[in-house]
Each structure stands twice: as structure tokens, then as C-alpha cells.
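Asker: Only the shape, not the letters, is given here:
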């Protein structure tokens with residue numbers, strides 16, 4: 001059975017009513033200030049919603065353009081015609097959606113296209129921009145960017161510059177690519193006629209390698225340099 005309220009409790013206002021009355025009094029006395037706060041809050045909400053919807057539209061539009069380039073490869077293969085068409089698409093991505101992930105990835109894909117076409121200076125420029133826009137991460141993108149730069153310089157027979165980027169790639173997140181990274185460094189040292197360093201890194205690469213064919217190749221390299 002519920003306890004009966006005393007006369008004193010019946011006469012005194014409850015906490016909610018008292019608080020509501022105080023709030024009402026404050027609003028009555030400070031109408032201008034309250035209106036400013038309400039309007040500011042409403043504007044902040046509208047701005048936040050506007051940013052959210054704009055960013056959703058921005059990223060989705062970029063993704064559609066990126067998917068178009070990938071679709072070209074799936075339909076027609078990696079042909080010169082596909083490469084030329086995708087160069088236009090990736091440049092459009094960079095121009096219109098530079099702050100999207102798709103726009104940043106466009107630099108990397110452009111680098112690959114130019115590398116395949118033998119336009120190494122353009123490839124280096126694209127890879128460099130991609131690397132500059134890629135911070136430290138746990139995806140391996142930074143590693144891929146720096147390694148690609150190393151390959152481009154290696155193709156230009158600039159082994160000193162290639163070694164620089166291979167070493168930078170070794171110092172970023174490269175889980176799953178350890179053996180490849182060490183082999184790249186060893187190969188650059190070998191091209192620079194530094195047999196001692198080449199042997200050191202081929203040996204390190206062998207320790208990280210589980211693939212039979214790569215293991216056999218590394219053992220032959222180590223035997224030849226020894």
C-alpha cells in the first residue's frame with residue numbers, strides 16, 4: 001500500500017515544477033540571450049547536416065568515377081586504349097575530388113599507368129604526390145608508394161636513388177612485404193657493386209622467405225656473392 005503524503009509535502013511544490021518555473025522565469029527575463037543561443041544552435045545543426053550530406057555526395061561521386069576506371073580494366077583489359085582512357089578519368093578525379101580517398105589513389109594508379117608506358121618521369125611525379133599525401137598507416141599504402149618510386153628509379157638505372165626509396169619503404173609499415181622489401185634493398189646494393197651489403201640483405205630476405213621459388217633464387221644469389 002502506498003504511503004500517504006503529509007500535509008507539508010502536499011503544500012510544497014515538487015522539484016520538477018520548481019525547476020520548470022525557474023527556467024521559465026529565466027527565459028522571460030533573458031529573451032534576447034535565449035533566442036541568440038537557440039538560433040546559434042539551430043545554425044550549427046544545419047551546418048553540420050549540410051557538411052555531412054555534401055561530404056557524402058562528394059565521396060560517392062568520386063567513388064563512382066574511380067569505379068568507372070576499374071570497370072574499364074575489367075571490360076577491356078590492360079590495353080593502351082584503356083590506359084589512355086583511365087589517364088583522363090584519374091586526372092578528372094584529382095581535379096574534382098582531391099580530398100577524397102579515390103582522388104588520392106588516382107595518383108598511385110596514374111603512376112602505374114605511366115610506369116607501364118615507360119614514361120618514368122611522369123610515373124615518379126605521380127608516385128611522389130601519392131606518397132606525399134599518404135601518412136603513416138597500417139594498410140601498406142605508404143610502403144607501396146615508396147617501393148614504386150624505387151622501381152621507377154631502378155628502371156632509370158638510378159640505383160642510388162632507388163636504394164634511398166627502398167630503404168624508406170623498409171622503415172614504414174610493411175607487414176607481409178618484409179621479404180620483398182629486403183630483396184629490393186639487396187638488389188640495389190648489388191647494382192651499386194656493394195657486394196657486402198647485398199649479401200647482408202639477401203641473407204635477411206632469405207630468413208623472411210617461405211616461397212620455394214624465391215628461396216631457391218635467394219640461395220643462388222647468396223652463393224654467387226659469397
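Answerer: Thanks, I have the structure now. Bear in mind that the values here come from a model prediction, so they are computed numbers and not experimental data.

Asker: how's this structure carved up into domains?
Answerer: Domain assignment for the chain by automatic domain parsing gives 36-133, 135-226.

Asker: Using JSON lines, lay out those domains together with mean pLDDT.
Answerer: As requested, those are arranged in JSON lines below (pLDDT from 0 to 100):
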{"stretch": "domain 36-133", "mean pLDDT": "85"}
{"stretch": "domain 135-226", "mean pLDDT": "91"}
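
Asker: Highest mean neighbour count out of these?
Answerer: domain 135-226 (a mean of 17; mean count of other CB atoms under 10 Å). To be clear about C-beta, it is placed using only N, CA and C from the backbone, and glycine gets the same treatment.

Asker: What's the end-to-end length of that domain?
Answerer: Using CA to CA, to the nearest Å, the end-to-end distance of domain 135-226 comes to 39 Å.

Asker: same check, this time on stretch 207-214
Answerer: Stretch 207-214: ends 11 Å apart by CA to CA.

Asker: now stretch 135-145
Answerer: 11 Å.

Asker: got it, and stretch 130-146?
Answerer: End-to-end for stretch 130-146, by CA to CA: 9 Å.

Asker: Other residues contacting that stretch?
Answerer: Residues from elsewhere that reach stretch 130-146 (CB atoms under 8 Å, 6 or more residues apart in numbering): 104-105, 107-108, 111, 127, 149, 165-166, 168-169, 172-177, 181.

Asker: Could you tell me which of these belong to helices?
Answerer: Those of these mapping onto helices are 104, 105, 107, 108, 111, 127, 149, 165, 166, 168, 169, 181, per DSSP state H.
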